[in-house]
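**Q** structure, please.
(one chain, ligands or ions: 2)
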Amino acid sequence: MKILAIESSCDETAAAVVEDGRKILSNIIATQVEEHKLYGGVVPEIASRRHCESIVGVVNEALEAAVLTLDAVDAVAVTCAPGLIGALLVGVNFAKGLAYAANKPLIPVHHIKGHIAANYIAHPDLEPPYICLAASGGHSQIMRVESYTKFSTIGRTLDDAAGEAFDKAARAMGFPYPGGIYIDKASQRGDKTKYKLPRPHTAEPYDFSFSGLKTNVMNLVHNAGQRGEEIDVDSLAASFQYTVADILTSKFVAAANEYGYKVAAMAGGVAANSGLRSMLEERCAESGIKLYVPPIALCGDNAAMIGSQAYYEYTEAGITADGSLNAQATMPL
Ligand code: KG4
Ligand code: ZN
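**A** Numbers count the residues shown, from 1 in each chain. Ligands and ions are numbered 1, 2, ... in the order given. Next comes the predicted model:
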């Protein structure tokens, strides 16, 4: 089954064709990041407008690269939630129009379920059940993946998502948007023990809280500036990255052990972080847990992951939408 998938939840206009949930036939991404960089973050209205301008070209490119016509695909899938509402609406309406015109089933996909499905493309042997750590710009969650379409949350962030904390801490350190990757690179030159950063306590053991940590970094930079002191940015980046990775990894591995999982996966933009990847790999191995991680290219937003999840939504749960499909800014898993 060949699915044409569309993703427009944030600042990437993406389209892909995926076969049977596991094989990428094409995967096209038009990123707007350079434009949002000028403002230090995503400007929602600009994002919507750029999606509007790019979506026809991106979808055509995805079909051309897969050497398929719209008639030859079996279904159209689209990210319907969560994300920036104006951005989501562009993809949802475009997908509705395509599905209607070509008389194909329309499959709505939850963005975070898509991030998790990126693992199915990269790892043909991965099957539920397993435990997953999803960490992106908008989400940080530990969840049980009970089947391809059934999920339950064990823990979540109470405030900032991990990616959001990376981006805001990076901004304080003087890095451009999105700052996660800049912190990652600077960390490699820094001393992770130089700055002692707080580890916020949460009442529930598998919940996260990153806003205190982020604020601590911002205050540290601000206070140093007022005193005319130099910050060792590389070491601050390394200390911050180590602290975030340690919080995520400790809680995730403890949850995996408590719930008895021997198979685990990681997903979302923050899964690209080199410090987090190596720490998780090491500590999962120590606990005898097999860890699946998507390749860096599939960690960030893309439509291939949406096409993968759509296959399972359709074949396992029989999910389709009609012409009344709407986008939602928030949606539980
Ligand atoms: O999943 P994603 O592409 O979009 C959302 O669904 O939010 O995640 C984007 C987030 C941003 O906060 C970005 O800074 C972060 O992922 N990110 C990273 C790295 N690459 C991307 N964070 C830390 N280290 C990285 N290498
Ligand atoms: Zn995402």
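**Q** who in the stretch 151-300 of the chain is up against ligand 1?
**A** For the stretch 151-300 of the chain, the residues in contact with ligand 1 under the definition Cβ under 6 Å from any ligand atom are 163, 166-167, 178-181, 184, 268-270, 272-273, 300. From N, CA and C alone the C-beta is placed, and that goes for glycine too.
**Q** one more pass at 5 Å, please.
**A** Taking Cβ under 5 Å from any ligand atom as the test, the list of the stretch 151-300 of the chain residues beside ligand 1 reads 163, 166-167, 178, 180-181, 184, 268-270, 272-273, 300.
**Q** quick check: residue 253 vs residue 280, distance?
**A** Distance of residue 253 to residue 280, given as Cβ to Cβ, to the nearest Å: 8 Å.
**Q** brain fart, residue 210
**A** Computed as Cβ to Cβ, the residue 210 to residue 280 distance reads 17 Å.
**Q** now do the strands in the stretch 101-250 of the chain.
**A** Applying DSSP state E, counting those that start in this stretch to the stretch 101-250 of the chain gives strands spanning 106-110, 130-135, 140-145, 151-156.
**Q** contacts for the third one next, please.
**A** It stands for strand 140-145. Contacting residues not belonging to strand 140-145 are listed as 112, 116, 128-135, 151-157, 161-163, 206, 208, 210, 248, 251-252, 255, 259, 261, 265, 270, 333 [Cβ atoms under 8 Å, 6 or more residues apart in numbering].
**Q** tell me where the longest helix sits in the chain.
**A** With residue count as the measure and DSSP state H as the assignment, the chain has helix 233-259 as its longest helix.
**Q** on that earlier part again, same list, the strands of the stretch 101-250 of the chain, but as JSON lines with mean pLDDT, distance to ligand 2 and mean neighbour count please.
**A** Listed next are the strands of the stretch 101-250 of the chain as JSON lines, based on pLDDT from 0 to 100; distance: least, Cβ to the ion, whole Å; neighbours: other Cβ atoms under 10 Å:
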{"stretch": "strand 106-110", "mean pLDDT": "98", "distance to ligand 2": "11", "mean neighbour count": "25"}
{"stretch": "strand 130-135", "mean pLDDT": "98", "distance to ligand 2": "9", "mean neighbour count": "27"}
{"stretch": "strand 140-145", "mean pLDDT": "98", "distance to ligand 2": "12", "mean neighbour count": "25"}
{"stretch": "strand 151-156", "mean pLDDT": "98", "distance to ligand 2": "16", "mean neighbour count": "17"}
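**Q** excluding residues flanking it in the chain, which one is nearest the residue nearest the centre of the chain?
**A** Geometric centre of the chain, nearest residue: residue 268, 2.7 Å, by Cα atoms, centre = their mean. Nearest in space to residue 268, with sequence neighbours left out and distances taken as Cβ to Cβ, 6 or more residues apart in numbering, is residue 136 at 3.5 Å.
**Q** near ligand 2, which residues of the stretch 201-333 of the chain show up?
**A** The stretch 201-333 of the chain has residues residue 301 near ligand 2, with proximity defined as Cβ under 5 Å from the ion.
**Q** try it again with 6 Å
**A** Contact residues of the stretch 201-333 of the chain with respect to ligand 2, defined by Cβ under 6 Å from the ion, are listed as 269, 301.
**Q** residue of the stretch 201-333 of the chain closest to ligand 2, please.
**A** Going by Cβ to the ion, ligand 2 is nearest to residue 301 of the stretch 201-333 of the chain, at 4.4 Å.
**Q** surely that residue meets residue 15?
**A** No. Applying Cβ atoms under 8 Å, one finds residue 301 not in contact with residue 15, separated by 12.0 Å.
**Q** where do the contact lists of those two overlap?
**A** With contacts taken as Cβ under 8 Å, 6+ apart, residue 301 and residue 15 have residue 7 as neighbours in common.
**Q** for the protein, just list every one of the helices.
**A** Per DSSP H, the chain carries helices over the ranges 33-37, 44-65, 85-102, 111-122, 162-172, 180-187, 211-227, 233-259, 274-286, 304-317.
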